[in-house]
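A.B. asks: coords below, sequence missing:
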């Protein structure tokens, strides 16, 4: 989460690199079997990626998957 805070501060909340970190946090929570927490993070990543990159961008679609 330290990396995420740094990226938000440096790049902004909706920068693609920041959103990749959000997505990666979701993956970590999912692997730890914290599925509700993972879902919240996936949703954050998806919302940001749809807004920034569009619905059909490969990164957005990887979050949907």
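C.D. replies: Yes, it's here. Quick caveat, the model's predicted, so the values are computed rather than measured.
A.B. asks: what's the burial count for residue 14?
C.D. replies: Residue 14 is flanked by 14 other residues according to other Cβ atoms under 10 Å. For every residue, glycine as well, the C-beta is placed using N, CA and C.
A.B. asks: How about residue 48?
C.D. replies: Counted with other Cβ under 10 Å, residue 48 comes out at 21.
A.B. asks: Just the buried residues of stretch 45-64, please?
C.D. replies: 45, 46, 48, 49, 50, 52, 53, 60, 63 (16 or more other Cβ atoms under 10 Å).
A.B. asks: And it, end to end?
C.D. replies: In stretch 45-64, first residue to last residue: 9 Å (Cα to Cα, to the nearest Å).
A.B. asks: Now tell me what touches that stretch from outside.
C.D. replies: 13, 14, 15, 16, 18, 19, 20, 22, 23, 26, 42 (Cβ atoms under 8 Å, 6 or more residues apart in numbering).
A.B. asks: try 10 Å this time
C.D. replies: By Cβ atoms under 10 Å, 6 or more residues apart in numbering, the surrounding residues in contact with stretch 45-64 are 12-16, 18-27, 41-44.
A.B. asks: just stretch 9-17 next, same as before
C.D. replies: 3-4, 7-8, 18-19, 21-22, 44, 47-49, 51-53, 57, 59.
A.B. asks: can you tell me which of the buried residues of stretch 45-64 lies nearest to residue 32?
C.D. replies: For these, the residue nearest residue 32 by Cβ to Cβ is residue 45; the value is 16.7 Å.
A.B. asks: Residue 1 touches residue 37, doesn't it?
C.D. replies: No: the criterion here is Cβ atoms under 10 Å, and residue 1 misses it with residue 37 at 11.9 Å.
A.B. asks: if you count what's nearby, which of those two comes out ahead?
C.D. replies: Neighbour count, other Cβ under 10 Å: between residue 1 and residue 37, residue 37 has more, with 15 against 8.
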